[in-house]
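1. just need the structure, nothing else, for what follows:
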Amino acid sequence: MRIFAHYNLSNGSYSENLVEALTKYADVTVDRPPPGCHIDIFLSLSMGHDDVLLEVQRNTPNSKMVTYVWDCYGWIMDQDDRYDWEAYGRLIKGSHAVLTPSHGQTLRLKEHWDVDDSKVIRCYGQYFDHDNVRDGNYVCNAMREIPDRQLGWVDRACHELQIPYNHGGRKRGQTGRTWDEYKDFIAGASFIVCPWYEASTGGMSLLEGYNLGKEVLVCDSPYLGAKDYFGDRAHYYQPDYPSMKAKIKEMWENKDSFPSRPLEDKQEFCSQFSADKFAERLYLTLKGLL
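-> Okay, the predicted model is just below:
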């Protein structure tokens with residue numbers, strides 16, 4: 001199988017790790033194929049870049065176009081002008097297969113573009129070891145800021161409860177932490193929270209922290225992808241402010257005593273969401289298209 005994979009350079013290392021893992025199963029190139037070049041699968045791992053993708057689609061008419069949709073939310077049409085969403089919708093509808101990291105994305109694809117046959121292929125966390133995993137006495141939110149309906153809730157709750165809170169994500173236009181800074185930020189968390197009503201995975205920081213032994217708190221929303229990964233292993237709050245605040249308070253007051261699975265159990269669980277496992281799931285899906 002020959003695959004052309006296209007991804008955003010801004011998401012370079014994450015996609016590069018996936019492409020490298022895919023090379024164990026197929027011949028993968030990231031160089032734009034010339035007209036008439038034989039490609040079995042044209043795999044778009046990119047949000048935007050519609051002109052490039054449509055050009056490659058025209059140049060390789062016999063290839064199977066597969067689009068992996070990372071982020072598709074209820075607010076994108078009105079509040080996210082980074083991409084041409086109408087063009088992206090045409091690209092999705094013209095694909096032979098549409099893949100997503102979670103069920104919430106499939107719901108939004110149906111709502112925005114009437115795509116009802118997308119398939120969930122769960123992605124991976126970039127796990128790391130750390131020599132100072134500790135309770136640094138703060139609630140950790142590693143998510144970048146987005147115009148989510150629950151924006152500001154976790155900041156407000158922790159302020160009202162007088163609980164130390166650390167937001168390690170970036171606001172639009174800002175540069176995030178370095179990788180070493182990020183790893184220490186996760187390693188020092190008391191527990192990790194995803195504050196959003198909808199997010200494709202809830203943030204890979206949840207898995208990366210869980211792999212270090214941290215507990216995770218997420219919203220029990222149909223659009224929050226963490227449920228697809230954690231099931232009953234996560235702590236949940238309902239999608240209302242009093243529920244979030246009460247759950248943060250409960251977890252904080254019991255952070256030294258609430259039941260937690262052994263570290264070895266957590267790491268074994270996380271192993272199914274490695275780059276190699278993601279690549280294997282992706283390959284088997286792509287193989288089924290030929």
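2. which stretches of the chain have low pLDDT?
-> The chain contains residues with pLDDT under 70 at 9-12, 48-50, 169-176.
3. where do the helices sit along it?
-> For the chain, the helices defined by DSSP state H cover 12-22, 50-59, 76-79, 85-93, 103-113, 153-161, 179-187, 204-210, 226-230, 241-253, 263-270, 275-287.
4. which stretch among those helices is buried most, on average?
-> Mean neighbours per residue, mean count of other CB atoms under 10 Å, is largest over the helices of the chain for helix 204-210, with a mean of 25. The C-beta positions use only the backbone N, C-alpha and C, and glycine is treated the same way.
5. the helices of the chain: which one's closest to V218?
-> V218 lies closest to helix 226-230 among these, at 4.2 Å (CB to CB).
6. what about R261, how many residues nearby?
-> Per other CB atoms under 10 Å, the neighbour tally for R261 reads 13.
7. R233 now?
-> Neighbours around R233, by other CB under 10 Å: 14.
8. pretty sure it contacts D265?
-> No. Counting by CB atoms under 8 Å, D265 is not a contact partner of R233; they are 9.4 Å apart.
9. show me what contacts the residue of the chain positioned farthest from its centre?
-> Distance from the centre of the chain peaks at G36, with 34.1 Å (CA atoms, centre = their mean). Counting by CB atoms under 8 Å, 6 or more residues apart in numbering, G36 touches N59.
10. which of the residues in stretch 207-221 are classified as buried?
-> 207-212, 214-219, 221 (16 or more other CB atoms under 10 Å).
11. ok, for V216, nearest residue in space, not its chain neighbours?
-> L206 (4.6 Å; CB to CB, 6 or more residues apart in numbering).
12. and that neighbour, what does it touch?
-> Counted by CB under 8 Å, 6+ apart, L206 has contacts I192, C194, V216, V218, A226, Y229, F230, A234.
13. now those in CSV, with distance to L161?
-> Output for the contacts of L206, formatted as CSV (distance: CB to CB, whole Å):
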residue, distance to L161
I192, 17
C194, 18
V216, 19
V218, 18
A226, 22
Y229, 27
F230, 24
A234, 20
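14. give me the neighbour count for D84.
-> Counted by other CB under 10 Å, the residues lying close to D84 total 14.
15. test my guess that E208 contacts G125.
-> Yes. Using CB under 8 Å, E208 is in contact with G125, at 4.9 Å.
16. can you list the domains in this structure?
-> Listed by automatic domain parsing, the domain ranges of the chain are 2-124+274-287, 139-272.
17. so how far is M204 from the closest residue to N17 other than its chain neighbours?
-> The shortest distance from N17 to any non-neighbouring residue, by CB to CB, 6+ apart, is to A275 (4.8 Å). Note on A275: its distance to M204, by CB to CB, to the nearest Å, is 11 Å.
18. do the same with A189
-> For A189, the distance to M204 - CB to CB - is 14 Å.
19. re earlier: got a markdown table for the buried residues of stretch 207-221, with distance to N17 too?
-> A markdown table is the format used below for those (distance: CB to CB, whole Å):
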| residue | distance to N17 |
| --- | --- |
| L207 | 14 |
| E208 | 13 |
| G209 | 19 |
| Y210 | 19 |
| N211 | 16 |
| L212 | 19 |
| K214 | 22 |
| E215 | 26 |
| V216 | 22 |
| L217 | 27 |
| V218 | 24 |
| C219 | 28 |
| S221 | 29 |
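20. which among the residues you listed gets closest to Y68?
-> Among the buried residues of stretch 207-221, and counting by CB to CB, the member closest to Y68 is L207, at 17.9 Å.
21. alright, that wraps it up for me.
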